[in-house]
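Peer 1: Generate a structure from the sequence data that follows.
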Amino acid sequence: MKRVMFVCKKNSARSQMAEGFAKTLGKGKIAAISSGLEASQVRSEAIATMKQIGIDITDQHSKPLSDFQAQDFDVVISLCGCGVNLPLEWVVREVFEDWQLDDPAEQPEIFPRVRDEIKERVTQLIESVNKEFTTAR
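Peer 2: The predicted structure is shown next:
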């Protein structure tokens, strides 16, 4: 099972929503967690926006990237363009992508759109990781 790290600046919205989607849609297919360049707090808007579609992320909390080791992950996804600020060992994993999604913290009205973009990208990620895994067998 591929191990995925979703990382953002503060691990308060985008990366938390990605973790929620990955744990729900990728259950049994990928193992996922999220973190931030610095830890903060999960935004109530992120929790509410995910709850609207039946995904509960209330048990998730903000974690600093420094709590983790790069070698423990196969896939690293930056959601905010922060890839340029990541230590090299995180960028050279088996898969690294920088999705550069808009920050809903700056514009709370875009939370639903950003959530839906994250869902689409996480779904594609799960499909590609599983296809790769199946082909490698």
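
Peer 1: Which stretches in the chain count as helices?
Peer 2: Under the criterion DSSP state H, helices of the chain are mapped to 14-25, 44-51, 88-91, 111-136.

Peer 1: Now do the first one: which elements does it pack against?
Peer 2: Right, helix 14-25. strand 2-8, strand 30-36, helix 44-51, helix 111-136 (3 or more CB pairs under 8 Å, 6 or more residues apart in numbering; DSSP states H and E). Heads up, the C-betas are built off the backbone N, CA and C, glycines and all.

Peer 1: if you compare the ones you listed, which one is most tucked away?
Peer 2: Highest mean neighbour count of these: strand 2-8, a mean of 24 (counted as mean count of other CB atoms under 10 Å).

Peer 1: Could you list the residues in contact with it?
Peer 2: 14-15, 18-19, 22, 26, 30-37, 65, 68, 72-80, 82, 86, 90, 94, 125, 129, 133 (CB atoms under 8 Å, 6 or more residues apart in numbering).

Peer 1: Same question for stretch 16-33.
Peer 2: With CB under 8 Å, 6+ apart as the test, stretch 16-33 has contacts from 1-6, 34, 42-43, 46, 49-50, 55-57, 60, 62-63, 68, 75, 77, 79, 114-115, 118-119, 121-123, 125-126, 129-130.

Peer 1: about what we covered before: now the helices of the chain in JSON lines, with mean pLDDT and distance to Gln100?
Peer 2: As requested, those are exported to JSON lines (pLDDT from 0 to 100; distance: least, CB to CB, whole Å):
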{"stretch": "helix 14-25", "mean pLDDT": "98", "distance to Gln100": "10"}
{"stretch": "helix 44-51", "mean pLDDT": "97", "distance to Gln100": "18"}
{"stretch": "helix 88-91", "mean pLDDT": "94", "distance to Gln100": "14"}
{"stretch": "helix 111-136", "mean pLDDT": "87", "distance to Gln100": "11"}
